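K.L.:
Fold the following and give me the result.
(one chain, ligands or ions: 1)
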Amino acid sequence: MMKPTTESTQRWWESGVIYQIYPLTFADGNQDGVGDLRGIIERLDYLNDGQPDSETSLGIDAIWLSPINKSPMIDNGYDITDYQDICPTFGTLADFDELLAKAHQRGIKIILDLVVNHTSNQHPWFLESAQSPDNPKANWYLWQTPFEGQALPNNWQSYFGGTGWTYGAERDQFYYHTFNENQPDLNWQNPEVRTAIYNIVRFWLDRGVDGFRLDASSAYSKDPFFRENPLKYGATDKNAYNNYHHLYEKNLPDNHQIIREIRAILDEYEGDRVLIGETFIDSRLYDSVIFYGINNDELHLPITFEFPFSPWYPGYLQREIENKETTTPPGAWPSYFLDNHDIPRHLSRWIECSLCVDSVAIAKAAATLLLTVRGTPFLYYGQELGMVDHTDIPEDQLQDRAVVKSETGETPPPRDGARTPMQWDDSPHAGFSFGEAVKPWLPVHPNYTEMNVQQALQDPDSIWNFYRQLLQVRKQNGALRYGDWRSLIYYPHEHLAYVRETATEIVLVAINFFYEQPFKLDAAIEREGWTVLLSTYYEASKVIDLAENLQPFEVSILQKCR
Ligand code: NOJ
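P.N.:
Numbers count the residues shown, from 1 in each chain. As a prediction, the model looks like this:
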């Protein structure tokens, strides 16, 4: 068993904050309307300028870049044609090397998205594989012939809607795709496929990347007999994928062996390279927990969806944290997130069902939750501003071709709303692109004139400034980085109150979700002498006694030495 995390054993990906950039939409460096690596390089100081008390920089520790490899962009880069090159949309390998070097100079790590459950159907491997049943790459993908009298090889569905099988005329066979028909799944049972992918892993590690986020990392392995998935009793979801138990095309035992093999490669390298994995696709929490590996030899950080799937309600959120606390194995480390590129942003998800309708208050409360629970927080670009989904993008401007293509109405809704350009300032394209002639790849959210980085920096009460201070407080405070988590309330209704504690200090986090309520703290908590680390109500550094009542929407992070 590994030692518990302490200050001296904590690794950068446990103490740090990881910021996800969707490269298409962060910053357009070459003014063609689409984000790129040059744009990111130019904005690095915004993310971390290396000054611990900076007032203009967020202070994140690592960037996770959604895919930047060569791609026809049917799924915005999650469909790759060359794993060892950069998509010209984003720049060149030289640009990438420059980004890596400049990020490292500022202490920012770079994590790449590794999309190896599938390739693009334009990848040379697939083009070759599709030609005949006996070419050298014939067995690199999952080709099957239906049994006599059957239209399809089996009942496996596509997560994006419809059957998962598409016909390839040259082979007179069907290939399986977990996602879009343009994203054929690789056959991980073929040792040649594994070798090819592991060479790609080494290619980027040799170049100096600090880790990977494995896309769809629970879907690599498939049943060698292609058995049918059982139908869920009474299931009637419009997306047929959700009506099946995914016994035979996901979460199979061999999947763990594959991840162990990838992890073993990372472990050969110096510098604590991190392996993160998207373990969700209809998987429950315990499915994710086993992705740490029996000997903590698989993922360092399985990404799980407890906050995104929870309503904005203290009891539910606390239950999710408690679940995670009790199921995370010894020596393993949790992670949390609110937003990513596949789901509506949290302020759009939560604003309607929340007890309070003040989105700034919700944003600060949600930020506090994310950055003070025990685990690595992931931020999604623009979350720090309070960006919300653009819900009125004209249909002819939608870009999420992976899910909008189906005519059946079975597909999940397009994800463009949460992918609109980063809002830097109030110039015509929000500072994402410049110039009249340029048209950003997705329309900018109309609220950009009031909600943008330039304005947020000037407003001491902005959501952005709150995030910046939270990140600083976290960096300066051991209990928040590695202390144990313990709730002070059994099942909260109006507020959360929990502590993070080490042998030498205790930090109390109180978040009021509602109007004024009695602050019934556990009797074991002393009321006197708390130092304010950050609060929406008290001045930082002030020493206070705990008040009887929390103020409306109050968020307070208080500290005391032991
Ligand atoms: C999960 C990614 O997050 C999503 O954006 C993508 O469409 C699918 N995997 C397929 O790669």
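K.L.:
Show me which residues of the chain are close to the ligand?
P.N.:
Within the chain, the positions lying close to the ligand (Cβ under 6 Å from any ligand atom) are 75, 78, 115, 179, 215-216, 278, 341-342, 402. Placement of C-beta: from N, CA and C, glycine included.
K.L.:
Go through those residues and say which is closest to Tyr467.
P.N.:
Within the residues of the chain next to the ligand, the smallest distance to Tyr467 is 18.9 Å, found for His341 (Cβ to Cβ).
K.L.:
Next up, phi/psi of Leu301, please.
P.N.:
Leu301 adopts backbone torsions of phi -130, psi 100, taken as degrees, to the nearest 10.
K.L.:
List the residues that contact it.
P.N.:
Leu301 sits next to 13, 274-277, 333, 335, 376 when contact means Cβ atoms under 8 Å, 6 or more residues apart in numbering.
K.L.:
before we move on, the earlier item: tabulate the residues of the chain next to the ligand (a markdown table), appending secondary structure and neighbour count.
P.N.:
Below are the residues of the chain next to the ligand laid out as a markdown table (DSSP: H, G, I helix; E, B strand; the rest coil; neighbours: other Cβ atoms under 10 Å):
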| residue | secondary structure | neighbour count |
| --- | --- | --- |
| Asp75 | coil | 23 |
| Tyr78 | coil | 24 |
| Val115 | coil | 26 |
| Phe179 | coil | 26 |
| Asp215 | coil | 19 |
| Ala216 | coil | 22 |
| Glu278 | strand | 25 |
| His341 | coil | 20 |
| Asp342 | coil | 16 |
| Ala402 | helix | 25 |
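K.L.:
Just to be sure, which of the contacts of Leu301 are found in helices?
P.N.:
Those of those mapping onto helices are Trp13, per DSSP state H.
K.L.:
Which single one of the contacts of Leu301 is nearest to His245?
P.N.:
Gly277 (21.3 Å).
K.L.:
want to try a markdown table for the contacts of Leu301, with distance to Trp140 and neighbour count as columns?
P.N.:
Output for these, formatted as a markdown table (distance: Cβ to Cβ, whole Å; neighbours: other Cβ atoms under 10 Å):
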| residue | distance to Trp140 | neighbour count |
| --- | --- | --- |
| Trp13 | 32 | 23 |
| Val274 | 28 | 25 |
| Leu275 | 24 | 25 |
| Ile276 | 26 | 25 |
| Gly277 | 22 | 25 |
| Trp333 | 35 | 21 |
| Ser335 | 32 | 21 |
| Thr376 | 34 | 25 |
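K.L.:
which one of the contacts of Leu301 sits closest to the ligand?
P.N.:
Closest to the ligand out of the contacts of Leu301 is Gly277 (11.0 Å), distances taken as Cβ to the nearest ligand atom.
K.L.:
where are the low-confidence patches of the chain?
P.N.:
1-4, 281-287, 352-356, 404-412, 516, 522-523 (pLDDT under 70).
K.L.:
try 80 this time
P.N.:
1-8, 280-288, 351-357, 403-413, 515-524 (pLDDT under 80).
K.L.:
In it, what residue lies closest to the ligand?
P.N.:
When scored by Cβ to the nearest ligand atom, the chain has Tyr78 as its residue closest to the ligand, at 3.3 Å.
K.L.:
Out of the contacts of Leu301, name the ones that lie in strands.
P.N.:
The strands, defined by DSSP state E, take in 274-277, 335, 376 from the contacts of Leu301.
K.L.:
follow-up on the earlier one: next one: the residue of the chain closest to the ligand from Phe160, what distance?
P.N.:
According to Cβ to Cβ, to the nearest Å, Tyr78 and Phe160 sit 11 Å apart.
K.L.:
which neighbours do the two share?
P.N.:
By the contact definition Cβ under 8 Å, 6+ apart, Tyr78 and Phe160 are jointly contacted by 179, 402.
K.L.:
still on that earlier bit, wait, which of the residues of the chain next to the ligand is closest to Ala503?
P.N.:
Ala503 lies nearest to Glu278 out of those, by Cβ to Cβ, at 35.5 Å.
K.L.:
got the contacts of Leu301 as JSON lines, with distance to Lys439 columns?
P.N.:
Listed next are the contacts of Leu301 as JSON lines, based on distance: Cβ to Cβ, whole Å:
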{"residue": "Trp13", "distance to Lys439": "38"}
{"residue": "Val274", "distance to Lys439": "37"}
{"residue": "Leu275", "distance to Lys439": "38"}
{"residue": "Ile276", "distance to Lys439": "34"}
{"residue": "Gly277", "distance to Lys439": "36"}
{"residue": "Trp333", "distance to Lys439": "43"}
{"residue": "Ser335", "distance to Lys439": "36"}
{"residue": "Thr376", "distance to Lys439": "37"}
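K.L.:
Which residue comes closest to Gly59 once chain neighbours are left out?
P.N.:
Spatially, and ignoring its direct neighbours in sequence, Gly59 is nearest to Leu471 (4.4 Å; Cβ to Cβ, 6 or more residues apart in numbering).
K.L.:
could you point out which element follows the helix or strand hosting Ile63?
P.N.:
Element membership for Ile63, per DSSP states H and E: strand 62-65. Sequence order places strand 69-70 as the next helix or strand after strand 62-65, per DSSP H and E.
K.L.:
Give the partner strands of that following strand in its sheet and their orientations.
P.N.:
strand 82-86 (antiparallel) (DSSP bridges).
K.L.:
Sweet, I'm off.
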